[in-house]
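Q: below: sequence and its predicted model.
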Amino acid sequence: MYTCGPTVYNPAHLGNFRTFLFEDLLRRTLRLAGWKVYQVMNITDVDDKIIGRADSSGKTISEVTEPVTDIFQRDREFLRIEPAEMYPKATEHIGEMIALVQQLVEKGLAYQADDRSVYFAIARFPNYGRLSRLDTRTIRPGARVIADDYNKEDVRDFALWKAAKPEDERTRAAWDSPWGRGRPGWHLECSAMARKYLGDTLDIHGGGVDLIFPHHEDEIAQSEGATGVTFSRFWCHGEFLLTDGEKMAKRVGNVMSVTDLRDAGVGAAALRHFVFSVRYRQQLNLTEEALEASQRAVRRVGEFADRLSAATSGTPGLVEAAGTLERDAKAALFDDLNAPQAVAALFDFIRRANSELDQAHGDDKTALERARSAFAMVNGVLDIVPDAPSVAPYLESWVASKISAREQARARRDFNTADSIRREIEARGIAIEDTPLGTKWKKVR
Ligand code: AMP
Ligand code: ZN
(Lines give C-alpha, C1' and ligand atoms only; values in the text may rest on other atoms or scores of the structure.)
(Ligands and ions follow the chains in the order given, each with its own letter.)
Protein backbone atom coordinates (compact mmCIF):
# COMPACT_ATOMS: atom_id res chain seq x y z
CA MET A 1 0.00 0.00 0.00
CA TYR A 2 1.31 3.41 -0.97
CA THR A 3 -0.14 6.48 0.75
CA CYS A 4 0.82 10.04 -0.13
CA GLY A 5 2.42 11.61 2.92
CA PRO A 6 2.77 15.10 4.31
CA THR A 7 4.43 18.08 2.69
CA VAL A 8 6.70 19.07 5.55
CA TYR A 9 6.76 22.86 5.46
CA ASN A 10 4.32 23.26 8.35
CA PRO A 11 3.10 20.81 10.99
CA ALA A 12 0.27 18.68 9.59
CA HIS A 13 -3.22 19.82 10.64
CA LEU A 14 -6.15 17.68 11.72
CA GLY A 15 -7.45 17.65 8.12
CA ASN A 16 -4.26 15.91 7.01
CA PHE A 17 -4.55 13.62 9.99
CA ARG A 18 -8.11 12.70 9.11
CA THR A 19 -6.69 11.20 5.93
CA PHE A 20 -3.87 9.47 7.79
CA LEU A 21 -6.37 8.11 10.35
CA PHE A 22 -8.51 6.72 7.55
CA GLU A 23 -5.40 4.97 6.21
CA ASP A 24 -4.64 3.68 9.71
CA LEU A 25 -8.18 2.27 9.87
CA LEU A 26 -7.61 0.68 6.47
CA ARG A 27 -4.35 -1.01 7.46
CA ARG A 28 -5.75 -2.28 10.75
CA THR A 29 -8.87 -3.60 9.00
CA LEU A 30 -6.80 -5.35 6.33
CA ARG A 31 -4.81 -7.07 9.06
CA LEU A 32 -8.01 -8.07 10.85
CA ALA A 33 -9.04 -9.70 7.58
CA GLY A 34 -5.83 -11.71 7.66
CA TRP A 35 -3.70 -9.76 5.18
CA LYS A 36 -0.10 -8.79 5.74
CA VAL A 37 0.33 -5.06 5.24
CA TYR A 38 3.38 -3.29 3.90
CA GLN A 39 2.77 0.43 3.71
CA VAL A 40 5.02 3.08 2.21
CA MET A 41 4.33 6.72 3.00
CA ASN A 42 6.49 9.36 1.34
CA ILE A 43 7.67 12.56 2.95
CA THR A 44 7.46 15.45 0.48
CA ASP A 45 10.52 17.45 1.46
CA VAL A 46 10.96 19.56 -1.67
CA ASP A 47 8.21 21.68 -3.26
CA ASP A 48 7.23 25.29 -3.95
CA LYS A 49 5.92 25.99 -0.46
CA ILE A 50 8.99 24.52 1.23
CA ILE A 51 11.32 26.51 -1.01
CA GLY A 52 9.30 29.68 -0.39
CA ARG A 53 9.44 29.14 3.36
CA ALA A 54 13.18 28.40 3.33
CA ASP A 55 14.05 31.33 1.08
CA SER A 56 12.10 33.89 3.09
CA SER A 57 13.91 32.84 6.28
CA GLY A 58 17.38 32.39 4.80
CA LYS A 59 17.38 28.64 5.36
CA THR A 60 18.00 25.56 3.25
CA ILE A 61 15.04 23.30 2.52
CA SER A 62 16.34 20.61 4.89
CA GLU A 63 16.56 23.16 7.70
CA VAL A 64 12.84 23.72 7.17
CA THR A 65 11.77 20.11 6.62
CA GLU A 66 13.72 18.20 9.25
CA PRO A 67 12.12 19.71 12.36
CA VAL A 68 8.66 19.55 10.73
CA THR A 69 9.19 15.86 9.90
CA ASP A 70 10.01 15.20 13.56
CA ILE A 71 6.82 16.98 14.61
CA PHE A 72 4.83 14.90 12.12
CA GLN A 73 6.15 11.65 13.61
CA ARG A 74 5.50 12.83 17.16
CA ASP A 75 1.93 13.90 16.29
CA ARG A 76 1.32 10.66 14.41
CA GLU A 77 2.40 8.66 17.43
CA PHE A 78 0.21 10.78 19.72
CA LEU A 79 -2.81 9.95 17.54
CA ARG A 80 -1.90 6.24 17.70
CA ILE A 81 -1.51 6.04 13.94
CA GLU A 82 0.53 2.93 13.34
CA PRO A 83 3.84 3.65 11.66
CA ALA A 84 4.10 2.80 7.98
CA GLU A 85 6.82 0.30 7.20
CA MET A 86 8.77 3.01 5.37
CA TYR A 87 8.90 6.80 5.13
CA PRO A 88 11.10 7.55 2.09
CA LYS A 89 11.99 11.17 1.42
CA ALA A 90 11.76 12.79 -1.99
CA THR A 91 15.20 14.42 -1.75
CA GLU A 92 16.80 11.02 -1.19
CA HIS A 93 15.39 9.65 -4.47
CA ILE A 94 16.45 12.23 -7.05
CA GLY A 95 18.37 9.56 -9.02
CA GLU A 96 15.31 7.32 -9.33
CA MET A 97 13.20 10.27 -10.42
CA ILE A 98 15.66 11.32 -13.11
CA ALA A 99 15.77 7.73 -14.42
CA LEU A 100 11.98 7.69 -14.68
CA VAL A 101 11.91 10.96 -16.62
CA GLN A 102 14.59 9.61 -18.94
CA GLN A 103 12.47 6.58 -19.65
CA LEU A 104 9.47 8.78 -20.45
CA VAL A 105 11.56 10.97 -22.76
CA GLU A 106 12.86 7.87 -24.57
CA LYS A 107 9.32 6.63 -25.05
CA GLY A 108 8.29 9.96 -26.51
CA LEU A 109 5.94 10.74 -23.63
CA ALA A 110 7.95 13.66 -22.28
CA TYR A 111 9.81 16.60 -23.81
CA GLN A 112 12.01 19.48 -22.74
CA ALA A 113 10.40 22.85 -23.46
CA ASP A 114 12.01 26.22 -24.18
CA ASP A 115 11.98 27.09 -20.49
CA ARG A 116 14.32 24.06 -20.00
CA SER A 117 11.73 22.25 -17.86
CA VAL A 118 10.63 18.74 -18.85
CA TYR A 119 6.90 18.10 -19.32
CA PHE A 120 4.69 15.06 -19.66
CA ALA A 121 2.81 15.10 -22.99
CA ILE A 122 -0.73 14.30 -21.97
CA ALA A 123 -1.95 14.06 -25.57
CA ARG A 124 0.32 11.02 -26.05
CA PHE A 125 -1.15 9.12 -23.08
CA PRO A 126 -4.73 8.18 -24.08
CA ASN A 127 -5.70 6.93 -20.62
CA TYR A 128 -5.13 10.33 -19.06
CA GLY A 129 -8.15 11.35 -17.00
CA ARG A 130 -9.66 7.92 -16.39
CA LEU A 131 -9.30 7.98 -12.61
CA SER A 132 -10.92 11.38 -12.19
CA ARG A 133 -13.32 10.94 -15.14
CA LEU A 134 -11.83 14.02 -16.67
CA ASP A 135 -13.88 13.66 -19.84
CA THR A 136 -16.94 14.64 -17.84
CA ARG A 137 -15.39 17.80 -16.45
CA THR A 138 -13.65 20.85 -17.80
CA ILE A 139 -9.93 20.87 -17.23
CA ARG A 140 -8.55 23.38 -14.82
CA PRO A 141 -4.78 23.19 -14.42
CA GLY A 142 -3.94 22.19 -10.82
CA ALA A 143 -2.29 24.58 -8.41
CA ARG A 144 1.04 22.80 -8.60
CA VAL A 145 1.41 23.03 -12.39
CA ILE A 146 3.95 25.66 -13.41
CA ALA A 147 1.86 28.76 -14.04
CA ASP A 148 3.60 30.32 -17.05
CA ASP A 149 2.66 27.50 -19.36
CA TYR A 150 3.06 29.15 -22.78
CA ASN A 151 6.19 27.02 -23.28
CA LYS A 152 4.25 23.81 -23.21
CA GLU A 153 2.88 21.89 -26.16
CA ASP A 154 -0.45 21.66 -24.39
CA VAL A 155 -1.62 23.72 -21.41
CA ARG A 156 -2.54 20.55 -19.58
CA ASP A 157 0.99 19.13 -19.68
CA PHE A 158 2.52 18.98 -16.23
CA ALA A 159 6.13 19.40 -15.16
CA LEU A 160 8.23 16.32 -14.48
CA TRP A 161 11.42 18.26 -13.98
CA LYS A 162 11.51 21.98 -13.28
CA ALA A 163 14.47 24.07 -14.43
CA ALA A 164 16.26 25.60 -11.43
CA LYS A 165 15.49 29.16 -10.39
CA PRO A 166 17.83 31.27 -8.24
CA GLU A 167 15.79 30.55 -5.08
CA ASP A 168 16.11 26.81 -5.73
CA GLU A 169 19.90 27.16 -5.76
CA ARG A 170 19.90 29.39 -2.67
CA THR A 171 17.86 26.91 -0.65
CA ARG A 172 19.73 23.82 -1.99
CA ALA A 173 16.73 22.57 -3.89
CA ALA A 174 18.52 22.04 -7.21
CA TRP A 175 20.29 19.00 -8.65
CA ASP A 176 22.19 18.11 -11.83
CA SER A 177 20.26 16.25 -14.51
CA PRO A 178 20.53 15.45 -18.23
CA TRP A 179 18.34 18.57 -18.78
CA GLY A 180 20.44 20.88 -16.64
CA ARG A 181 20.09 22.01 -13.02
CA GLY A 182 16.61 21.61 -11.65
CA ARG A 183 14.29 19.84 -9.28
CA PRO A 184 11.56 17.24 -9.55
CA GLY A 185 7.90 18.10 -10.09
CA TRP A 186 5.71 17.10 -7.17
CA HIS A 187 4.00 14.09 -8.75
CA LEU A 188 7.23 12.42 -9.79
CA GLU A 189 8.39 11.39 -6.33
CA CYS A 190 5.41 9.12 -5.70
CA SER A 191 5.80 7.27 -9.01
CA ALA A 192 9.53 6.78 -8.43
CA MET A 193 9.36 5.72 -4.78
CA ALA A 194 6.29 3.50 -5.15
CA ARG A 195 8.03 1.64 -7.96
CA LYS A 196 11.30 1.31 -6.07
CA TYR A 197 9.78 -0.09 -2.87
CA LEU A 198 6.57 -1.79 -4.02
CA GLY A 199 7.15 -2.76 -7.64
CA ASP A 200 5.43 -1.73 -10.87
CA THR A 201 1.92 -2.61 -9.64
CA LEU A 202 0.62 -1.73 -6.18
CA ASP A 203 -2.35 -3.32 -4.47
CA ILE A 204 -3.67 -0.12 -2.93
CA HIS A 205 -2.91 3.55 -3.33
CA GLY A 206 -4.44 6.03 -0.89
CA GLY A 207 -4.75 9.74 -0.14
CA GLY A 208 -7.26 12.53 0.33
CA VAL A 209 -9.85 13.32 -2.35
CA ASP A 210 -8.04 16.48 -3.37
CA LEU A 211 -5.22 14.29 -4.69
CA ILE A 212 -7.35 12.49 -7.30
CA PHE A 213 -6.74 15.32 -9.72
CA PRO A 214 -4.18 16.22 -10.73
CA HIS A 215 -1.77 14.40 -8.42
CA HIS A 216 -2.93 10.80 -8.79
CA GLU A 217 -3.89 11.25 -12.41
CA ASP A 218 -0.34 12.42 -13.05
CA GLU A 219 1.18 9.59 -11.01
CA ILE A 220 -0.72 7.10 -13.19
CA ALA A 221 0.43 8.80 -16.40
CA GLN A 222 4.08 8.75 -15.29
CA SER A 223 4.07 5.20 -13.92
CA GLU A 224 1.97 3.49 -16.57
CA GLY A 225 3.66 5.53 -19.28
CA ALA A 226 7.02 4.14 -18.13
CA THR A 227 6.08 0.55 -17.24
CA GLY A 228 3.14 -0.22 -19.50
CA VAL A 229 1.33 -2.04 -16.68
CA THR A 230 -1.42 -1.07 -14.21
CA PHE A 231 -0.01 1.23 -11.53
CA SER A 232 -2.47 0.48 -8.72
CA ARG A 233 -5.21 -2.12 -8.48
CA PHE A 234 -7.26 -0.06 -6.00
CA TRP A 235 -7.51 3.62 -5.24
CA CYS A 236 -8.87 4.72 -1.86
CA HIS A 237 -9.61 8.37 -1.19
CA GLY A 238 -10.74 9.91 2.08
CA GLU A 239 -13.08 12.90 2.19
CA PHE A 240 -12.26 16.23 3.79
CA LEU A 241 -12.36 17.40 7.33
CA LEU A 242 -14.15 20.74 7.44
CA THR A 243 -14.41 23.60 9.92
CA ASP A 244 -17.53 25.73 9.67
CA GLY A 245 -18.41 23.96 6.46
CA GLU A 246 -15.14 24.76 4.72
CA LYS A 247 -12.19 22.46 3.96
CA MET A 248 -9.62 22.68 6.73
CA ALA A 249 -6.61 24.20 5.00
CA LYS A 250 -3.70 26.42 5.84
CA ARG A 251 -4.63 28.96 3.20
CA VAL A 252 -8.20 29.26 4.54
CA GLY A 253 -6.76 29.88 8.00
CA ASN A 254 -9.09 27.47 9.80
CA VAL A 255 -6.60 24.81 10.83
CA MET A 256 -6.25 23.05 14.15
CA SER A 257 -3.05 21.18 14.92
CA VAL A 258 -2.36 18.24 17.21
CA THR A 259 -0.71 20.69 19.61
CA ASP A 260 -3.95 22.74 19.70
CA LEU A 261 -5.84 19.54 20.35
CA ARG A 262 -3.62 18.58 23.29
CA ASP A 263 -3.83 22.11 24.70
CA ALA A 264 -7.62 21.78 24.59
CA GLY A 265 -7.27 18.58 26.63
CA VAL A 266 -8.56 16.31 23.87
CA GLY A 267 -6.81 12.97 23.71
CA ALA A 268 -6.10 10.59 20.86
CA ALA A 269 -8.98 8.28 21.76
CA ALA A 270 -11.53 11.11 21.53
CA LEU A 271 -10.20 12.36 18.19
CA ARG A 272 -10.21 8.84 16.77
CA HIS A 273 -13.77 8.35 17.96
CA PHE A 274 -14.74 11.65 16.34
CA VAL A 275 -13.08 10.75 13.02
CA PHE A 276 -14.61 7.28 13.01
CA SER A 277 -18.09 8.65 13.73
CA VAL A 278 -18.54 9.24 10.00
CA ARG A 279 -17.53 7.09 7.05
CA TYR A 280 -14.36 8.02 5.21
CA ARG A 281 -16.26 8.83 2.02
CA GLN A 282 -18.28 11.54 3.74
CA GLN A 283 -17.22 15.00 4.76
CA LEU A 284 -16.85 15.58 8.47
CA ASN A 285 -17.30 18.90 10.24
CA LEU A 286 -15.12 19.67 13.25
CA THR A 287 -16.98 21.35 16.10
CA GLU A 288 -16.34 21.78 19.79
CA GLU A 289 -19.60 20.01 20.64
CA ALA A 290 -18.70 16.99 18.53
CA LEU A 291 -15.28 16.72 20.20
CA GLU A 292 -16.89 17.00 23.63
CA ALA A 293 -19.39 14.29 22.75
CA SER A 294 -16.50 12.07 21.66
CA GLN A 295 -14.66 12.77 24.91
CA ARG A 296 -17.71 11.65 26.88
CA ALA A 297 -18.12 8.58 24.68
CA VAL A 298 -14.55 7.37 25.09
CA ARG A 299 -14.68 8.00 28.82
CA ARG A 300 -17.39 5.34 28.89
CA VAL A 301 -15.21 3.02 26.84
CA GLY A 302 -12.34 3.59 29.27
CA GLU A 303 -14.49 2.94 32.33
CA PHE A 304 -15.75 -0.23 30.75
CA ALA A 305 -12.20 -1.35 29.86
CA ASP A 306 -11.20 -0.86 33.50
CA ARG A 307 -14.23 -2.77 34.71
CA LEU A 308 -13.68 -5.64 32.31
CA SER A 309 -10.05 -6.03 33.30
CA ALA A 310 -10.86 -5.90 37.02
CA ALA A 311 -13.85 -8.28 36.83
CA THR A 312 -13.50 -11.71 38.41
CA SER A 313 -16.37 -13.54 36.77
CA GLY A 314 -18.47 -13.47 33.60
CA THR A 315 -21.81 -14.96 32.59
CA PRO A 316 -23.10 -17.02 29.66
CA GLY A 317 -24.80 -13.84 28.39
CA LEU A 318 -21.39 -12.23 28.15
CA VAL A 319 -20.19 -14.96 25.78
CA GLU A 320 -23.15 -14.31 23.56
CA ALA A 321 -22.56 -10.55 23.59
CA ALA A 322 -18.91 -11.14 22.66
CA GLY A 323 -19.93 -13.24 19.66
CA THR A 324 -22.36 -10.57 18.50
CA LEU A 325 -19.70 -7.87 18.83
CA GLU A 326 -17.16 -9.79 16.76
CA ARG A 327 -19.67 -10.62 14.06
CA ASP A 328 -21.18 -7.13 13.79
CA ALA A 329 -17.93 -5.18 14.01
CA LYS A 330 -16.24 -7.32 11.36
CA ALA A 331 -19.25 -7.10 9.05
CA ALA A 332 -19.19 -3.31 9.42
CA LEU A 333 -15.45 -2.87 8.86
CA PHE A 334 -15.37 -5.26 5.93
CA ASP A 335 -18.20 -3.30 4.33
CA ASP A 336 -15.98 -0.56 2.90
CA LEU A 337 -14.67 0.46 6.35
CA ASN A 338 -17.97 1.29 8.00
CA ALA A 339 -16.33 2.57 11.19
CA PRO A 340 -19.42 4.30 12.63
CA GLN A 341 -21.27 1.00 12.54
CA ALA A 342 -18.34 -0.77 14.21
CA VAL A 343 -18.35 1.90 16.93
CA ALA A 344 -22.09 1.37 17.40
CA ALA A 345 -21.53 -2.39 17.75
CA LEU A 346 -18.94 -1.70 20.42
CA PHE A 347 -21.33 0.51 22.39
CA ASP A 348 -24.08 -2.11 22.15
CA PHE A 349 -21.63 -4.60 23.55
CA ILE A 350 -20.62 -2.26 26.39
CA ARG A 351 -24.26 -1.79 27.37
CA ARG A 352 -24.97 -5.51 27.34
CA ALA A 353 -21.71 -6.48 29.02
CA ASN A 354 -22.20 -3.94 31.79
CA SER A 355 -25.55 -5.43 32.68
CA GLU A 356 -24.12 -8.96 32.52
CA LEU A 357 -21.28 -7.93 34.83
CA ASP A 358 -23.84 -6.49 37.26
CA GLN A 359 -25.28 -9.98 37.57
CA ALA A 360 -22.03 -11.94 37.50
CA HIS A 361 -21.14 -13.93 40.57
CA GLY A 362 -19.16 -17.10 40.86
CA ASP A 363 -16.07 -17.83 38.87
CA ASP A 364 -16.79 -17.92 35.13
CA LYS A 365 -13.31 -16.98 33.88
CA THR A 366 -13.86 -18.46 30.42
CA ALA A 367 -16.73 -16.08 29.73
CA LEU A 368 -14.59 -13.19 30.88
CA GLU A 369 -11.72 -14.18 28.62
CA ARG A 370 -14.12 -14.42 25.69
CA ALA A 371 -15.41 -10.90 26.36
CA ARG A 372 -11.91 -9.52 26.80
CA SER A 373 -10.72 -10.98 23.53
CA ALA A 374 -13.71 -9.66 21.54
CA PHE A 375 -13.24 -6.23 23.07
CA ALA A 376 -9.50 -6.29 22.32
CA MET A 377 -10.13 -7.36 18.73
CA VAL A 378 -12.46 -4.44 17.98
CA ASN A 379 -10.48 -1.91 19.98
CA GLY A 380 -7.38 -3.17 18.16
CA VAL A 381 -8.82 -1.55 15.06
CA LEU A 382 -10.54 1.51 16.52
CA ASP A 383 -8.09 2.14 19.39
CA ILE A 384 -10.45 4.37 21.38
CA VAL A 385 -9.67 3.56 25.01
CA PRO A 386 -8.39 6.80 26.56
CA ASP A 387 -5.03 6.84 28.31
CA ALA A 388 -5.29 6.25 32.03
CA PRO A 389 -5.05 9.71 33.57
CA SER A 390 -1.58 10.32 34.86
CA VAL A 391 -1.08 11.56 38.39
CA ALA A 392 1.60 14.12 39.12
CA PRO A 393 3.91 13.11 42.00
CA TYR A 394 2.98 16.21 44.01
CA LEU A 395 -0.67 15.23 43.74
CA GLU A 396 0.11 11.74 44.94
CA SER A 397 1.70 12.97 48.19
CA TRP A 398 -1.04 15.56 48.62
CA VAL A 399 -3.72 12.84 48.38
CA ALA A 400 -1.82 10.63 50.82
CA SER A 401 -1.65 13.41 53.42
CA LYS A 402 -5.34 14.27 52.95
CA ILE A 403 -6.37 10.64 53.34
CA SER A 404 -4.43 10.30 56.55
CA ALA A 405 -5.94 13.56 57.90
CA ARG A 406 -9.38 12.18 57.01
CA GLU A 407 -8.65 8.91 58.80
CA GLN A 408 -7.58 10.77 61.93
CA ALA A 409 -10.77 12.85 61.81
CA ARG A 410 -12.85 9.70 61.50
CA ALA A 411 -10.99 8.07 64.36
CA ARG A 412 -11.98 10.95 66.64
CA ARG A 413 -15.53 10.75 65.18
CA ASP A 414 -15.26 14.23 63.62
CA PHE A 415 -17.35 13.33 60.57
CA ASN A 416 -17.84 16.92 59.44
CA THR A 417 -14.11 17.36 58.93
CA ALA A 418 -13.82 13.92 57.32
CA ASP A 419 -16.56 14.78 54.82
CA SER A 420 -15.09 18.11 53.96
CA ILE A 421 -11.71 16.48 53.30
CA ARG A 422 -13.41 13.95 51.04
CA ARG A 423 -15.00 16.76 49.06
CA GLU A 424 -11.64 18.52 48.81
CA ILE A 425 -10.08 15.36 47.37
CA GLU A 426 -12.92 14.77 44.95
CA ALA A 427 -12.68 18.33 43.68
CA ARG A 428 -9.26 17.36 42.31
CA GLY A 429 -10.80 14.62 40.17
CA ILE A 430 -9.98 11.82 42.59
CA ALA A 431 -12.40 9.19 43.76
CA ILE A 432 -11.91 7.54 47.14
CA GLU A 433 -13.35 4.34 48.45
CA ASP A 434 -13.25 2.95 52.00
CA THR A 435 -12.44 -0.75 52.03
CA PRO A 436 -11.65 -3.22 54.81
CA LEU A 437 -8.01 -2.77 53.81
CA GLY A 438 -8.10 1.00 54.22
CA THR A 439 -8.97 3.90 51.94
CA LYS A 440 -8.21 3.41 48.24
CA TRP A 441 -8.15 6.21 45.66
CA LYS A 442 -7.89 6.67 41.94
CA LYS A 443 -7.93 9.46 39.41
CA VAL A 444 -11.17 9.39 37.48
CA ARG A 445 -11.21 9.63 33.69
P1 AMP B 1 -0.25 17.65 2.02
O2 AMP B 1 0.62 17.76 3.24
O3 AMP B 1 -0.87 18.95 1.62
O4 AMP B 1 0.50 17.00 0.87
O5 AMP B 1 -1.47 16.70 2.39
C6 AMP B 1 -1.33 15.47 3.05
C7 AMP B 1 -2.62 14.69 2.97
O8 AMP B 1 -3.68 15.37 3.67
C9 AMP B 1 -3.14 14.46 1.55
O10 AMP B 1 -3.56 13.12 1.43
C11 AMP B 1 -4.34 15.42 1.45
O12 AMP B 1 -5.30 14.93 0.55
C13 AMP B 1 -4.85 15.39 2.86
N14 AMP B 1 -5.67 16.57 3.26
C15 AMP B 1 -5.37 17.87 3.13
N16 AMP B 1 -6.35 18.66 3.64
C17 AMP B 1 -7.31 17.82 4.13
C18 AMP B 1 -8.58 18.01 4.79
N19 AMP B 1 -9.07 19.21 5.10
N20 AMP B 1 -9.28 16.89 5.13
C21 AMP B 1 -8.81 15.65 4.86
N22 AMP B 1 -7.62 15.42 4.24
C23 AMP B 1 -6.88 16.48 3.88
ZN1 ZN C 1 1.49 10.98 -4.19
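A: Cool, the structure landed. Ligands and ions are numbered 1, 2, ... in the order given.
Q: could you measure from the residue in the stretch 51-200 of the chain that ligand 2 sits nearest to over to residue 205?
A: Among the residues of the stretch 51-200 of the chain, residue 190 lies closest to ligand 2, at 3.2 Å counting by Cβ to the ion. Heads up, the C-betas are built off the backbone N, CA and C, glycines and all. For residue 190, the distance to residue 205 equals 8 Å [Cβ to Cβ, to the nearest Å].
Q: between these two, which contacts overlap?
A: By Cβ atoms under 8 Å, 6 or more residues apart in numbering, residue 190 and residue 205 have these common neighbours: 2, 219.
Q: now do stretch 1-9, average pLDDT.
A: Averaged over stretch 1-9, pLDDT sits at 98.
Q: sec struct for residue 204, please.
A: strand (DSSP: H, G, I helix; E, B strand; the rest coil).
Q: report the contact partners of the residue nearest to it when sequence neighbours are not counted.
A: Spatial nearest neighbour of residue 204, excluding adjacent residues (Cβ to Cβ, 6 or more residues apart in numbering): residue 1 at 4.3 Å. Counting by Cβ under 8 Å, 6+ apart, residue 1 makes contact with 23, 26-27, 30, 37-40, 202-206.
Q: quick check: residues of the chain near ligand 2?
A: 4, 190 (Cβ under 5 Å from the ion).
Q: interface residues of the chain facing ligand 1?
A: 4, 6-7, 15-16, 18-19, 44, 207-208, 210-211, 240-241, 247-249 (Cβ under 6 Å from any ligand atom).
Q: helices of the stretch 1-150 of the chain, residue ranges please.
A: Along the stretch 1-150 of the chain, the stretches classed as helices by DSSP state H, counting those that start in this stretch are 14-32, 48-56, 61-78, 94-106.
Q: can I get the ones you listed in TSV with mean pLDDT and mean neighbour count?
A: Listed next are the helices of the stretch 1-150 of the chain as TSV, based on pLDDT from 0 to 100; neighbours: other Cβ atoms under 10 Å:
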stretch	mean pLDDT	mean neighbour count
helix 14-32	98	22
helix 48-56	97	19
helix 61-78	98	18
helix 94-106	98	19
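Q: those into JSON lines, with extra columns for distance to residue 313?
A: Putting the helices of the stretch 1-150 of the chain into JSON lines (distance: least, Cβ to Cβ, whole Å) gives the following:
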{"stretch": "helix 14-32", "distance to residue 313": "29"}
{"stretch": "helix 48-56", "distance to residue 313": "59"}
{"stretch": "helix 61-78", "distance to residue 313": "36"}
{"stretch": "helix 94-106", "distance to residue 313": "60"}
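Q: against residue 257, how distant is residue 11?
A: 5 Å.
Q: what do you get for residue 49?
A: 16 Å.
Q: got it, and residue 112?
A: 41 Å.
Q: also residue 29?
A: For residue 29 relative to residue 257 (Cβ to Cβ), the value is 27 Å.
Q: cool, residue 380 as well?
A: 27 Å.
Q: next one: residue 330
A: 34 Å.
Q: next: residue 27.
A: In terms of Cβ to Cβ, residue 27 sits 23 Å off from residue 257.
Q: about what we covered before: and residue 11 and residue 257? Which one has more around it.
A: residue 11 (20 against 17; other Cβ atoms under 10 Å).
Q: residues contacting the more buried one?
A: 68, 71-72, 75, 257-259.
Q: before we move on, what about residue 380?
A: Counted by Cβ under 8 Å, 6+ apart, residue 380 has contacts 28, 32.
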